[in-house]
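In: Pasting a predicted model and its sequence here:
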Amino acid sequence: MDFGGKEKSQYVKETFNSIAGKYDFMNTLMSMGMDKHWRKITAQIVNAGPGMRILDVCCGTGKLTRELAEKVSPSGTVTGVDFSDKMLEQGMINMDSSLKNRITLLQGDAMNLPFEDNTFDGATIGWGLRNLHNAKRGIQEMTRVVKPNSMVVSVDMGKPAVPLLKQFYWLCFEKIVPFLGKVGAGKQTEYSYLFNSAREFESQSELKRIFGECGLINTGYVNLAGGAVAVVYGQKP
């Protein structure tokens with residue numbers, strides 16, 4: 001993928017900084033509101049429950065972070081980490097006051113997480129692995145910072161296997177998503193990146209294999225929206 005002569009990490013940071021204000025609205029529009037259901041499933045698979053301490057990597061504006069915070073209440077906490085300062089600022093704006101004492105948002109690098117080994121009771125990453133220049137390294141870092149028996153979970157775009165659905169899926173990404181980005185956010189180029197990153201991202205079966213290579217066990221995935229979205233997971237031994 002061409003990043004205009006920039007490092008991928010810098011390109012991604014600038015891209016998400018530029019769309020932060022419209023990001024939540026556009027996600028809901030492009031997913032036809034299904035993104036809320038996908039986040040609930042992710043929170044279930046990471047086994048988020050009262051009193052737990054969960055890490056949400058590439059948290060963006062914090063939608064998944066807030067879903068997790070509701071699950072760990074009243075005594076648990078969620079730490080969200082993201083590279084984009086503007087996305088984090090928007091996350092603070094969007095945060096309900098009732099959740100502020102359970103959520104910490106930090107700017108940081110997903111491939112060099114600023115936490116000790118075995119710190120968290122689970123880790124999630126929502127639509128973030130494909131934005132890393134080394135997805136495997138990101139999975140290894142999440143594995144490092146969770147406690148034994150904890151879950152590492154990614155929700156992201158998948159690769160549908162059904163021929164007609166596959167054709168419709170790529171048509172949506174290549175044509176419709178950039179168009180919606182232009183109309184809804186005035187950012188056609190930035191939303192074209194979403195198509196390109198999804199096209200080049202690993203399939204759910206390949207990502208499951210990489211989870212295993214990172215030392216996770218009981219790996220698997222759940223297809224959503226016919227495989228257009230997939231939750232991939234593994235457990236730290």
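Out: Looks like it came in fine.

In: quick one: the closest residue to Val57 other than its chain neighbours from Ser98, how far?
Out: Once flanking residues are discounted, Val57 sits nearest to Ile125: 4.3 Å by CB to CB, 6 or more residues apart in numbering. Where C-beta positions appear, they are placed from N, C-alpha and C, glycine not excepted. Using CB to CB, to the nearest Å, one obtains 25 Å as the distance from Ile125 to Ser98.

In: Show me what the mean pLDDT comes to for the helix or strand where Leu88 lies.
Out: Leu88 belongs to helix 85-94 when assigned by DSSP states H and E. Regarding helix 85-94, the rounded mean pLDDT is 92.

In: Beyond it, next helix or strand please.
Out: Once helix 85-94 ends, the next helix or strand along the chain (criterion: DSSP H and E) is strand 103-107.

In: so that following strand versus helix 85-94, what angle?
Out: Strand 103-107 runs at 160 degrees relative to helix 85-94, counting by axes from the mean of the first three to the mean of the last three CA atoms, to 10 degrees.

In: just checking, what packs against the helix or strand that strand 103-107 is followed by?
Out: With elements assigned by DSSP H and E, the helix or strand that comes after strand 103-107 is strand 120-126. Judged by 3 or more CB pairs under 8 Å, 6 or more residues apart in numbering; DSSP states H and E, strand 120-126 is in contact with helix 35-45, strand 53-57, helix 63-72, helix 135-145, strand 146-157.

In: ok, 7 Å please
Out: Packing partners of strand 120-126 (3 or more CB pairs under 7 Å, 6 or more residues apart in numbering; DSSP states H and E): strand 53-57, helix 63-72, helix 135-145, strand 146-157.

In: which of these sits most buried?
Out: strand 53-57 (a mean of 27; mean count of other CB atoms under 10 Å).

In: What pairs with that strand, parallel or antiparallel?
Out: strand 77-82 (parallel), strand 120-126 (parallel) (DSSP bridges).

In: ok now that strand, how far from the chain's centre?
Out: Per CA atoms, centre = their mean, to the nearest Å, the displacement of strand 53-57 from the mean C-alpha position of its chain is 11 Å.

In: hmm, who's touching it?
Out: With CB atoms under 7 Å, 6 or more residues apart in numbering as the test, strand 53-57 has contacts from 46, 48, 64-65, 68, 72, 76-81, 110, 120-125, 128, 138, 142, 145.

In: what's around the nearest residue to Gly108 once chain neighbours are set aside, how many residues?
Out: Leaving aside its sequence neighbours, Gly108 sits nearest to Val81 (CB to CB, 6+ apart; 4.4 Å). Residues near Val81, counting by other CB atoms under 10 Å, number 24.

In: Relative to Arg199, how far out is Val81?
Out: For Val81, the distance to Arg199 - CB to CB - is 26 Å.

In: Out of the helices and strands packed on strand 120-126, the one nearest Asp35 is which?
Out: Nearest to Asp35 among the helices and strands packed on strand 120-126 is helix 63-72 (7.4 Å), distances taken as CB to CB.

In: So for this structure, the centremost residue is which one?
Out: Computing the C-alpha centroid of the chain and ranking residues by CA atoms, centre = their mean puts Gly126 first, at 1.4 Å.

In: Looks like it contacts Val153 (just checking).
Out: No. Applying CB atoms under 7 Å, one finds Gly126 not in contact with Val153, separated by 9.0 Å.

In: can you list residues touching both of these two?
Out: Common neighbours of Gly126 and Val153 (CB under 7 Å, 6+ apart) are Thr42.

In: how about low-confidence regions in the chain?
Out: In the predicted model of the chain, residues 1-8, 11-32, 162-195 satisfy pLDDT under 70.

In: Kind regards, and thank you for your time.
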